[in-house]
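Trainee: Kindly generate the corresponding structure for this input.
(one chain, ligands or ions: 1)
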Amino acid sequence: MKFADIPGNAALKMSLVQSADNGHVAHAQLFAGSEGGVGLMLALAYAQYINCENPAQGDSCGVCFSCIKIGKSVHPDLHYCFPFAKTKRVEDDELNAYLPLFRQFLADSPYGTPADWAELAEFENRTPIINIKSVRETMQGLQLKAYEAKYKVQIIWLPETMRTEGSNSFLKLLEEPPPFTVFLLVSDQPEQLLPTVVSRTQRVTIPRLDDETLAGYLVSKFGADPSRSHAVASLAAGSIPVALSLLNEEVDNYHALFMEWQRSCFRNDLDKLIRHTENFQGMGKELQKTYLKYCMDKVRKSMVLSAGGIDALRLQESEAQELINLGKIFSLPLIGLLMEQLETAYYHIDRNASARMVFFDTSMIMANGYRTLRKN
Ligand SMILES: [Zn+2]
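Mentor: Got it, this is the predicted structure:
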């Protein structure tokens, strides 16, 4: 992976390159980003850059032996540590046994989320963690001298999944690092790391991809339609995998789905609400979150519209009319309740609650809200 292959973050790439060019390669760096972002790929591009035989113009060459091996994740001096749980797909319960599957994950979904990894590896309901055994395997692997690279690179994906025992062992490794070893910690939730771990790393903050950059990436890399890419990017909140699944989904359907849901709550139509619940369940976690965000946005817009602010929103006429109609029955307490319920639902889905229960409970409370709080 070259820096040039990764969307956005021009300033950050430049600062990584410059510090490496000046010989400042900190032995432990924390790539702090968010789910579905470019953190892991940036770490790999950085590993490739510092070991490239012919770097030029602020990037690795992509064609030397080192670049090719790092690109395929088969370089003997590039090590991975990542969370896993027991799965039928892998016989041994050791980090190394999971490596082929992890390489496949990197190749198939370079910006994949922890949920994508869990799905590919079929962890099912077990929570993947970096266990103490993996930390010990990692320590052993690093005792050996570098085979051929300038720097041995140890990538640790999702260090926040280490439990206390693993974190403490890992801390010792950070305190007494083997020479010419660079630790690249790639975290989606850096706030969950032990402060003692964080304080031993140099932080590389990775900003969320802005909508413009994400839309441009969808157009240039996947040939997506520009106006659709913009619509998708504004919903994806900087997450590449969410944007990609939205490209394949009928985003345009969200509006119809949202209106139908609210109508069913309004009429307290239990049969339809059960059908909506099944529909929601089938979306999968990331799309469920995106859909809930979309719904919050619509509730907000219908308020603006009913207050006469139609020009401020770029909506199609039919969509605007439907939202205006909805706004006519929205009282302030009802709006408050809908927003609160959507936010609560989002919170629970994000923490892996049962989608079926969350959606159905939310619908019931909303239906009750429509009965008691709507304008006449
Ligand atoms: Zn190279």
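
Trainee: Touching stretch 296-305 from outside, list them.
Mentor: 255, 258, 312-313, 315, 320, 323-324, 326-327, 330, 335, 338-339, 342-343, 346 (CB atoms under 8 Å, 6 or more residues apart in numbering). All C-beta spots, glycine's among them, are computed from the backbone N, C-alpha and C.

Trainee: just the CA coordinates of it, formatted as PDB?
Mentor: In PDB, the C-alpha atoms belonging to stretch 296-305 read as follows (Å, rounded to 0.1, in the frame of the first residue of the first chain):
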ATOM      1  CA  MET A 296     -32.700  11.700  13.000                       C
ATOM      2  CA  ASP A 297     -31.800  13.900  10.100                       C
ATOM      3  CA  LYS A 298     -35.300  13.600   8.700                       C
ATOM      4  CA  VAL A 299     -37.000  14.500  12.000                       C
ATOM      5  CA  ARG A 300     -34.800  17.600  12.200                       C
ATOM      6  CA  LYS A 301     -35.600  18.500   8.600                       C
ATOM      7  CA  SER A 302     -39.300  18.200   9.000                       C
ATOM      8  CA  MET A 303     -39.100  20.700  11.900                       C
ATOM      9  CA  VAL A 304     -37.200  23.200   9.700                       C
ATOM     10  CA  LEU A 305     -39.700  22.700   6.900                       C
END
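
Trainee: Show me what counts as buried in that stretch.
Mentor: When neighbours are counted by 16 or more other CB atoms under 10 Å, the buried residues of stretch 296-305 are found to be 296, 298-299, 301-303, 305.

Trainee: for stretch 229-246, same thing?
Mentor: Judged by neighbour count using 16+ other CB under 10 Å, the buried positions of stretch 229-246 are 229-246.

Trainee: One more: stretch 118-132?
Mentor: In terms of neighbour count (16+ other CB under 10 Å), stretch 118-132 has its buried residues at 118-121, 123, 128-132.

Trainee: in the stretch 51-200 of the chain, which spans are strands?
Mentor: Applying DSSP state E, counting those that start in this stretch to the stretch 51-200 of the chain gives strands spanning 78-81, 152-157, 181-187.

Trainee: Let's have those in a markdown table, adding mean neighbour count, mean pLDDT and distance to the ion.
Mentor: Formatted as a markdown table, those follow (neighbours: other CB atoms under 10 Å; pLDDT from 0 to 100; distance: least, CB to the ion, whole Å):
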| stretch | mean neighbour count | mean pLDDT | distance to the ion |
| --- | --- | --- | --- |
| strand 78-81 | 21 | 95 | 13 |
| strand 152-157 | 25 | 96 | 14 |
| strand 181-187 | 24 | 96 | 17 |
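
Trainee: how about the residues of the chain that lie near the ion?
Mentor: Residues of the chain lying close to the ion by CB under 5 Å from the ion are 52, 60-61, 64, 67.
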